[in-house]
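Chemist: Could you work out the structure for the sequence below:
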Amino acid sequence: MDSAPGTPHRMNPAGGCPHADNARLLARGAVAPVVLPGEVEGMAVLGHEALKEFLAHPDVAKGARHFTALREGRIATGWPLMTFATVRGMTTADGGDHRRLRSLVSKAFTARRVEELRPRVEELTAGLLDDLHGAAVDGGGVADLRRHFALPLPMGVIGELLGVDTGYRDRLHHLSNQVVATDIEPEKAVAANRELVGMLGAVAQARAERPGDDLTSALIAARDEEGDRLSQEELIGTLVLMIIAGHETTLNLITNAVRALCGHRDQLETVHNGEASWADVVEETLRWDAPVSYFPFRYPVRDLTVDGTVIPKGTPVLAGYSAAGRDPAAHGQDADRFDITRHGRPGAARHLSLGHGAHYCLGAPLARLEATIALERLFTRFPDLDLAVAEAGLSRHSSFVGNSVRALVVRVGADRG
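Modeler: Numbering: from 1, shown residues only. Take a look at the predicted model:
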């Protein structure tokens, strides 16, 4: 949904593939005025270097009190991006509050703790590959890889980390999808947010009554033992963020990597030949087809000039990860080419798809571990796996936040397990 030069770019609430619009916008500049759902004026930072500067700038905040239009009552109830702006947690906290909230969960995501999860991730992966094979047998050789593999793996891992009973997980995924949708009707947005908060409140209550060796129990202990460290609203907000970020990003990452490899069989052969690693596949997918396209919101606390463009104080700004990942100024004139060997080249720019600065994705090591294991085991067991629906026929997310497809029907091929 492109705009004429000089006019704000109207973000498409229905989502779709972002890359063509990104290329047109980047050709104009690294920062673009945009129109958000509800005719809300905003900005997007698209260029790699501009985004890197903006994400770490000391005069950029995340707290909703800095959102001028919201503070002045100009944002309607049920605005589809309201949860992103107002949820109480790390992604909307600044300074000491951000450090306090981040410290409460950071111990669960250290390199050592994540590596300790490897055997469990491998076990879950093996079981889900059995499920995928079974679904393909029942489906005449084809199955939805997203439903049977890419979704239940990260949801299972984050569910176990948080102590969420399996009976809640499908519904939590459905509600997460509605929260990240940008084309949702106001009444549905309000209802989804209310149900999500209520369900996670029930999860917290269950853990309060029966504490376990999980992150939710640890957060409740911090709330009850040191009340100044975590409020009830922050507890639920943290769970909301952990559930959504803890599975949606990795789900999209695995899905997008499989799509990329199936569309670039030469790159898959490069891995099988040992000329590149599965970790290289993950990094190139993060750059080339970022699982989060445009993430809301940051707000300048004063009028701020970024790459020659003034972003007025209090403007809601989108971080354009999918655009920055294909910025030719950072990644070369072949930035739109999927090439898993580029990350080993001297001077290759590091992507920003998991953030930068103080708000860098806390779960990045876990997402990388899950995706690397998932892809290696998937293509080792099913080396001939391929798309059963052409890329052009895949239905996209109804969101300009999440970047992936609704379903990924694959032809599994021979089972080498």
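Chemist: Can you show me the strands along the chain?
Modeler: Secondary structure of the chain (DSSP state E): strands located at 9-10, 31-36, 40-45, 60-61, 142-144, 294-300, 304-306, 309-311, 317-320, 386-387, 409-411.
Chemist: burial count for residue 149?
Modeler: 26 (other Cβ atoms under 10 Å). Every residue, glycine included, has its C-beta placed from N, CA and C.
Chemist: Verify the contact between it and residue 132 for me.
Modeler: Yes: using Cβ atoms under 8 Å, residue 149 is in contact with residue 132, at 4.8 Å.
Chemist: Report how many residues lie close to residue 97.
Modeler: 16.
Chemist: Please state the backbone phi and psi of residue 67?
Modeler: phi -80, psi 100 (degrees, to the nearest 10).
Chemist: try residue 399
Modeler: phi -170, psi 140.
Chemist: for residue 346, same thing?
Modeler: phi -60, psi 130.
Chemist: Can you tell me how far it is from residue 270?
Modeler: 19 Å (Cβ to Cβ, to the nearest Å).
Chemist: ok, now residue 353?
Modeler: The value you get for residue 353 to residue 270, if Cβ to Cβ is used, is 21 Å.
Chemist: Next: residue 404.
Modeler: 23 Å.
Chemist: Neighbour count: those two, which is higher?
Modeler: Neighbour count, other Cβ under 10 Å: between residue 404 and residue 270, residue 404 has more, with 26 against 18.
Chemist: Now for the more buried one: which residues touch it?
Modeler: Contact partners of residue 404, counting by Cβ atoms under 8 Å, 6 or more residues apart in numbering, are 251, 252, 255, 256, 291, 396, 397.
Chemist: what about the residue lying closest to the last one once chain neighbours are set aside, how many residues close to it?
Modeler: I take that to be residue 397. Spatial nearest neighbour of residue 397, excluding adjacent residues (Cβ to Cβ, 6 or more residues apart in numbering): residue 15 at 4.8 Å. A total of 23 residues lie near residue 15 under the criterion other Cβ under 10 Å.
Chemist: Residue 15 contacts residue 405, correct?
Modeler: No: Residue 15 lies out of contact with residue 405 (Cβ under 8 Å); the separation is 10.2 Å.
Chemist: anything in contact with each of the two?
Modeler: 396, 397.
Chemist: ok, which stretches of the stretch 201-350 of the chain are helices?
Modeler: 215-225, 232-263, 265-272, 278-288, 321-325, 328-331 (DSSP state H, counting those that start in this stretch).
Chemist: so how far is the first residue of stretch 78-86 from its last?
Modeler: 12 Å (Cα to Cα, to the nearest Å).
Chemist: Can you list the neighbours in contact with that stretch?
Modeler: Contacts of stretch 78-86 (Cβ under 8 Å, 6+ apart): 13, 36-38, 40, 64, 67, 70, 75, 91-92, 179, 181-187, 189-190, 193, 240, 295-297, 316, 401.
Chemist: And those, which of them are buried?
Modeler: 13, 36-38, 40, 64, 67, 70, 75, 91-92, 179, 181-182, 184, 189-190, 193, 240, 295-297, 316, 401 (16 or more other Cβ atoms under 10 Å).
Chemist: give me the low-pLDDT residue ranges for the stretch 51-200 of the chain?
Modeler: Across the stretch 51-200 of the chain, nothing is flagged by pLDDT under 70.
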